[in-house]
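Engineer: Whatever this is, show me its structure:
(one chain, ligands or ions: 3)
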Amino acid sequence: MPATIIKNGTVVTADLTYKADVKIENGVITEIGPNLSGGDELDATGCYVMPGGIDPHVHLEMPFMGTYSADDFESGTRAGLAGGTTTVVDFCLPDPGQSLLDALKRWDNKSTRANCDYSFHMAITWWGEQVFNEMETVVREKGINTFKHFMAYKGALMVNDDELFASFQRCAELGALPLVHAENGDVVASMQAKLLAEGNNGPEGHAYSRPAEVEGEATNRAIMIADMAGVPLYVVHTSCEQAHEAIRRARQAGKRVYGEPLIQHLTLDESEYFHKDWDHAARRVMSPPFRNKQHQDSLWAGLQSGSLQVVATDHCAFTTEQKRYGVGDFTKIPNGTGGLEDRLPMLWTYGVSTGRLTPNEFVAVTSTNIAKILNMYPKKGAILVGADADIVVLDPEKEKTISAKTQQSAIDYNVFEGKHVKGLPRFTLSRGKVVVHDGEIRTEEGHGKFVAREPFQAVNKALSTWKELVAPRPVERTGIPASGV
Ligand SMILES: NC(=O)NCCC(=O)O
Ligand SMILES: [Zn+2]
Ligand SMILES: [Zn+2]
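Structural biologist: Ligands and ions are numbered 1, 2, ... in the order given. Sure, this is the predicted structure:
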């Protein structure tokens, strides 16, 4: 393959902004500097040359709530690339009682169609000796160092506190990072039943049944359990001040906790659930639900101050027809929304163009921080010699109005429909292959490769060293009195 040179652009990374050309050979960056030559040229005049987006939270072809999410690894990754995202991390979900390794075979099969690189988190959906043992194989042999725990979806994916604690301790031993979906599933189930009994069966019932307190409580509980287990913690889809507050407080107390707002929670609010059109409201049903402006402001502040580190999508797209499974009972509306194609343009428009984020912070929260937290940096998330050439050349003047009619996703609507975004890819490169060329999609099914991630060294070692230092020890005593028995 001939070399490619991205010419005349401004390189923007998480910590630097400078003018340079970028040379790519055999899928990796081989040179960065002025006036490079000797290859096919891509003109980046007026553009920012940035590490491609990494979405740490997607569900492609996910079996959930009696159906499968509609975007699979082909359409989902195509959507991601169209919007400048070059790596996705999906969740492998074992059925209750199923071997983690058997579940992984299913995910390996599905992902062969990916257009961009991908990695997996493993979900802990049940607990037992087999899971305990297989976690080691997953980490040491399968290149997966993150384990997801659902504290909600009672009767389906939810695990209890004893299971959380056992799994978190196992993560600590293996150098793995636990993730949590933090909502109190018992309280949600009880509120759902009450709402339905009172005749609240529309999509707004979904929001009523999952108030911010439900998320704040579970986030705090997960943080405390992780601390007792001596392991860092990653909280997915942090949507409200109560959860953010728990993360902020933990971080101030020295705990290693990461928080992940979604682009949907940053830019869409709860009024969507009160829309008169049932389909409109149901299409936006996801967990946690959208919140109000105060919560949104809290999330933006977290990204600005560093108490929240990454922006994801939780892309889990269902068609209108699938959403209608819940007509007459909101608890049956498949939970999930799309966003893979829109995350970067929406965050650029509502974050950078408004002055909430700098371009460098934009790169940090969409790519570099994620690569570091998930242990794939600098292969991913970097414009550095030797890094994979996963690059988005973002044109800050290119604009469009988001519409389901022109999107790559397989579903028939878009939750951002009608939003005008400015800041779109002129080019997207996936390991050096130009997959978006000035609006033209040139993806190749199967081009994507699995990204193996090594166990964590530094943070887990620091926490286990400290845990060992402060571990309970019997007091050495002289003159112990004789037993009273
Ligand atoms: N978020 C959501 O509603 N659906 C996807 C599954 C999950 O992440 O909880
Ligand atoms: Zn979740
Ligand atoms: Zn999710």
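Engineer: quick one, what contacts the closest residue to residue 40 other than its chain neighbours?
Structural biologist: On the basis of C-beta to C-beta, 6 or more residues apart in numbering, the spatially nearest residue to residue 40 that is not a chain neighbour turns out to be residue 4, at 5.1 Å. All C-beta spots, glycine's among them, are computed from the backbone N, C-alpha and C. The contact partners of residue 4, by C-beta atoms under 8 Å, 6 or more residues apart in numbering, come to 23-24, 39-42, 389, 429, 432, 434.
Engineer: just the strands in the stretch 201-350 of the chain please.
Structural biologist: For the stretch 201-350 of the chain, strands defined by DSSP state E, counting those that start in this stretch occupy the ranges 233-235, 257-259.
Engineer: so how far does stretch 140-154 reach from one end to the other?
Structural biologist: Taking C-alpha to C-alpha, to the nearest Å as the measure, stretch 140-154 stretches 31 Å from start to finish.
Engineer: you'd agree residue 381 is up against residue 51?
Structural biologist: Yes. Distance between residue 381 and residue 51: 5.1 Å, which falls inside the contact criterion (C-beta atoms under 8 Å).
Engineer: Now for the two: what residues contact both?
Structural biologist: In terms of C-beta under 8 Å, 6+ apart, residue 381 and residue 51 are both contacted by the residues 367-368, 371, 387.
Engineer: residues from the stretch 101-250 of the chain in reach of ligand 1?
Structural biologist: Proximity of the stretch 101-250 of the chain to ligand 1 is assessed by C-beta under 6 Å from any ligand atom, with residue 181 identified as the residues in range.
Engineer: Which part of the stretch 101-250 of the chain gets nearest to ligand 1, residue-wise?
Structural biologist: Using C-beta to the nearest ligand atom, the single residue of the stretch 101-250 of the chain nearest to ligand 1 is residue 181, 4.9 Å away.
Engineer: confidence score at that residue?
Structural biologist: The model reports residue 181 with a pLDDT of 98.
Engineer: for it, what are its contacts?
Structural biologist: With contacts defined as C-beta under 8 Å, 6+ apart, residue 181 is in contact with 148-153, 236-237, 287.
Engineer: so what's it closest to, chain neighbours aside?
Structural biologist: In space, and not counting its chain neighbours, residue 181 is closest to residue 150: 4.6 Å by C-beta to C-beta, 6+ apart.
Engineer: residues in contact with that neighbour?
Structural biologist: The neighbourhood of residue 150, defined by C-beta under 8 Å, 6+ apart, consists of 123, 125, 157-159, 180-181, 185.
Engineer: hmm, which of the contacts of residue 4 are the buried ones?
Structural biologist: 23-24, 39, 42, 389, 429, 432, 434 (16 or more other C-beta atoms under 10 Å).
Engineer: Adding secondary structure, write those residues out as TSV.
Structural biologist: Rendered in TSV, the data for these read as follows (DSSP: H, G, I helix; E, B strand; the rest coil):
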residue	secondary structure
23	strand
24	strand
39	coil
42	strand
389	coil
429	strand
432	coil
434	strand
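Engineer: Which of those residues sits closest to residue 13?
Structural biologist: For residue 13, the closest of the buried ones among the contacts of residue 4 turns out to be residue 389, at 14.1 Å, with distances computed as C-beta to C-beta.
Engineer: surely the closest one meets residue 28?
Structural biologist: Yes. Judged on C-beta under 8 Å, residue 389 makes contact with residue 28 at a distance of 5.7 Å.
Engineer: phi, psi of the closest residue to ligand 1 within the stretch 1-150 of the chain?
Structural biologist: When distances are taken as C-beta to the nearest ligand atom, the stretch 1-150 of the chain reaches nearest to ligand 1 at residue 59, 5.3 Å away. In terms of degrees, to the nearest 10, the main-chain angles of residue 59 are phi -130, psi 100.
Engineer: In whichever strand or helix holds residue 109, which residues are buried?
Structural biologist: Take DSSP states H and E as the rule and residue 109 turns out to sit in helix 100-110. Residues of helix 100-110 classed as buried by neighbour count (16+ other C-beta under 10 Å): 100-101, 103-104, 106-107, 110.
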